[in-house]
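Asker: build me a structure from this.
(one chain, ligands or ions: 1)
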Amino acid sequence: MSPTTTIQALRGTADILPGESVQWQTLEAASRALFARYHYQEIRTPLLEEVSLFQRTVGETTDIVQKEMYVFEDRGGRAIALRPEATASVVRAYLEHHLDKTAPFSKLYYLGAMFRAERPQAGRLRQFHQVGVEALGTESAFVDAEVIALLDHLLREWGITGHRIGVATLGCRKDKDASAAALRKRLTPLTQQLCDDCRQRLSRNVFRVLDCKVDRCRALAWEGGAVLTVCAECRRHFDTVKTLLKRSGVGYDDTQQFVRGLDYYTRTVFEVAHDALGAKDVLGAGGRYDHLIEELGGPHLGAVGFAIGIERSLMARQHHQAAAAPPASRGFAKRAGRAGGVFVVTIGEASQQPGWDLVARLRRDGVVAEWDPESKSLKSQMRTADRLGFRHVALLGAAELQDHAVTLKDLGTGSQERIPVDRLAARLNTAVVG
Ligand code: HAM
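Answerer: Model (predicted):
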């Protein structure tokens, strides 16, 4: 590589530039505020985990574990994975820190990066970001319904509408075993028509044929309708969840057939679709996983949760906003907006250091303040103030310095007034938002 070759971000990863990071912050702030209302608390787990955590939970035969995990051997020879999802990590942390004893019913949320080596395309990245919740320690159907209602509420808080929630039940473990046996029976005579992967899946994890990337395998698996066996108790649980969703006014569709790409689910599963995404991609998804805590060495306790993809949600949000407003620029945002803040314009070398003092003082006093450290021409400074979106400029020339004052100009109205430096912060903090 020549020394002048530019280095670019890895395929499937993205830089989030200032104009966009503002939107991320909006989503993150709205999420935190809503999670607080539903009494969920934040958990932060490492991006690196032992590979075996995901093999044991997400499932050995899933695409995520077999084909998509970023795995490496660290200097100590340990097999490490970049987390492809967070549910397994949250359960590990819950047990490692004995929350199963001290706070058995824990309602937790997370925001962060996940990694899957998928083929990159719109809405499908190798480093992507999820917002998720996990309610651990209960089998109550009220919590399934709360989690789905929270998912719906969160999307609305983010300004997303037009999403469709599909719900289904996989039944309990016994039901899943019966369903797997029925599907295996149906597919065994068709073995020769399945892809190589699905022939393996037939004996190891037949459900994976249902979401094989090869259309033919999927068609064969779904042919003949639903394969799921659901016992009376699981049916009752699902009916309760649906009744509660109706009571909360959450619209759902329970007629769709979908499979989750992770093995740990039992009973309720759900997915959220949106027109802004391709047919195969969903905004968010989740479900109940009543055996995961036990499988990681804990007591028999149920749990349910969801995760939403932030990148896909931003696509859905822009889908709505596109008609109303031009798409957000990828350039630098007008940070302060016309609603506030001040750009201090220095005039001549003598006002540079007083300008520096004034900017520092304003910031200490709670005002968004900026200036041009290179003290370019007056015209250039005015242009910068305008480009950055400041509503006010404070001109600091020789006359102003003499009077310990500034000339405050409102770029929105064009009006200007002389204000003593001592009163400037108070004046700006009470400036009418326009
Ligand atoms: P998941 O369905 O694998 O579930 O992922 C949830 C969401 O993450 C997807 O709906 C999508 O929005 C986003 N996502 C997944 N892969 C990508 C990708 N390559 N690029 C962009 N976005 C992506 C889980 O991860 C489970 N842990 C959810 C859960 C929580 N179940 C129970 N608790």
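Asker: please count neighbours and contacts with C-alpha atoms only from this point.
Answerer: Noted.
Asker: so which bits of the worst-scoring helix or strand of the chain on mean pLDDT are buried?
Answerer: When the helices and strands of the chain are scored by mean pLDDT, DSSP states H and E, helix 310-324 comes last with a mean of 84. Burial within helix 310-324, assessed by neighbour count using 16 or more other CA atoms under 10 Å, is assigned to 310, 311, 312, 313, 314, 315, 316, 317, 318, 319.
Asker: mind giving me the packing neighbours of the top helix by length along the chain?
Answerer: Criterion DSSP state H: the longest helix present in the chain is helix 18-37. With contacts taken as 3 or more CA pairs under 8 Å, 6 or more residues apart in numbering; DSSP states H and E, helix 18-37 sits against helix 141-157.
Asker: what's the following helix or strand after the helix it packs on?
Answerer: Sequence-wise, the next helix or strand downstream of helix 141-157 (DSSP states H and E) is strand 164-169.
Asker: that following strand: what's the following helix or strand?
Answerer: helix 173-187.
Asker: stretch 52-61 near the ligand anywhere?
Answerer: No: counting by CA under 6 Å from any ligand atom, the ligand has no neighbours in stretch 52-61; the shortest distance is 8.5 Å.
Asker: what's the distance between residue 143 and residue 240?
Answerer: 11 Å (CA to CA, to the nearest Å).
Asker: who has more neighbours, those two?
Answerer: More neighbours surround residue 143 than the other of residue 143 and residue 240, with 20 against 17 (other CA atoms under 10 Å).
Asker: pull the contacting residues for that one.
Answerer: If you count contacts by CA atoms under 8 Å, 6 or more residues apart in numbering, residue 143 has them with 135, 304.
Asker: for it, give its distance to the ligand.
Answerer: 12 Å (CA to the nearest ligand atom, to the nearest Å).
Asker: now do the helices in the stretch 251-400 of the chain.
Answerer: Along the stretch 251-400 of the chain, counting by DSSP state H, counting those that start in this stretch, helices occupy 292-295, 310-324, 352-364, 378-387, 398-403.
Asker: touching the longest one from outside, list them.
Answerer: The contact list for helix 310-324, computed with CA under 8 Å, 6+ apart, reads 24, 123, 128-131, 158-161, 274-277, 282-283, 327.
Asker: related to what we said a few turns ago, reformat the buried residues of helix 310-324 as TSV; add distance to residue 263.
Answerer: Formatted as TSV, the entries for the buried residues of helix 310-324 read as follows, by distance: CA to CA, whole Å:
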residue	distance to residue 263
310	23
311	24
312	23
313	25
314	28
315	28
316	28
317	30
318	33
319	32
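Asker: show me which of those neighbour the ligand.
Answerer: residue 312.
Asker: please name the bridge partners of the residue of the stretch 1-150 of the chain found nearest the ligand.
Answerer: Residue nearest to the ligand within the stretch 1-150 of the chain: residue 124 (3.5 Å; CA to the nearest ligand atom). When assigned by DSSP bridges, residue 124 has beta-bridge partners residue 121.
Asker: hmm, residue 406 and residue 396 touching each other?
Answerer: Yes: between residue 396 and residue 406 there is a contact at 5.4 Å, judged by CA atoms under 8 Å.
Asker: coming back round to it: buried among the contacts of helix 310-324? Make that a PyMOL selection.
Answerer: Remark: buried members of those, expressed as a PyMOL selection using 16+ other CA under 10 Å:
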select buried, resi 24+123+128+129+130+131+158+159+160+274+276+277+282+283
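Asker: what is the subsequent helix or strand relative to the longest helix of the chain?
Answerer: strand 41-42.
Asker: run through who's touching that following strand.
Answerer: Residues outside strand 41-42 that contact it (CA under 8 Å, 6+ apart): 35, 107, 108, 109, 110.
Asker: inside strands: which ones of those residues?
Answerer: 107, 108, 109, 110 (DSSP state E).
Asker: so where's the stretch 101-250 of the chain shaky on pLDDT?
Answerer: Scanning the stretch 101-250 of the chain for pLDDT under 70 picks out the ranges 226.
Asker: can you pull the residues of it lying near the ligand?
Answerer: So the stretch 101-250 of the chain meets the ligand at 116, 118, 123, 124, 125, 126, 128, 130, 134 (CA under 6 Å from any ligand atom).
Asker: same thing but at 8 Å, please
Answerer: 114-118, 120, 123-130, 132-134 (CA under 8 Å from any ligand atom).
Asker: now, those residues that are in strands?
Answerer: Short answer: those in strands (DSSP E) are 114, 115, 127, 128, 129, 130, 132, 133, 134.
Asker: which two in those residues are spaced the farthest apart?
Answerer: Distances among those were taken as CA to CA; the most separated pair is 127 and 134, at 21.3 Å.
Asker: now the angle from the least confident helix or strand of the chain to helix 141-157?
Answerer: Angular relation of helix 310-324 and helix 141-157 on a 0 to 180 degree scale: 50 degrees, by axes from the mean of the first three to the mean of the last three CA atoms, to 10 degrees.
Asker: ok now helix 310-324, how far from the chain's centre?
Answerer: 14 Å (CA atoms, centre = their mean, to the nearest Å).
Asker: using CSV, list the CA coordinates for that helix.
Answerer: Only the C-alpha atoms of helix 310-324 are listed here, as CSV (Å, rounded to 0.1, in the frame of the first residue of the first chain):
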residue,chain,number,x,y,z
ILE,A,310,-31.2,1.8,15.7
GLU,A,311,-30.0,2.1,12.1
ARG,A,312,-33.2,0.5,10.8
SER,A,313,-35.3,2.7,13.1
LEU,A,314,-33.6,5.8,11.7
MET,A,315,-34.5,4.5,8.2
ALA,A,316,-38.1,4.1,9.2
ARG,A,317,-38.1,7.5,10.8
GLN,A,318,-36.7,9.2,7.7
HIS,A,319,-39.3,7.3,5.7
HIS,A,320,-42.0,9.4,7.5
GLN,A,321,-40.1,12.6,7.6
ALA,A,322,-39.1,12.5,3.9
ALA,A,323,-42.5,13.8,2.7
ALA,A,324,-42.5,16.5,5.3
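Asker: is the nearest residue to residue 183 once chain neighbours are set aside in a helix, a strand, or coil?
Answerer: Of all residues not flanking residue 183 in the chain, residue 227 sits nearest, at 6.3 Å (CA to CA, 6 or more residues apart in numbering). Classification of residue 227 using DSSP: H, G, I helix; E, B strand; the rest coil returns coil.
Asker: okay, now residue 227: neighbour count?
Answerer: 19.
Asker: I figured it hits residue 185, correct?
Answerer: No: taking contacts as CA under 8 Å, residue 227 lies outside contact range of residue 185: 10.7 Å.
Asker: circling back: distance-wise, check the residue nearest to residue 183 relative to residue 372.
Answerer: Residue 227 is 68 Å from residue 372, by CA to CA.
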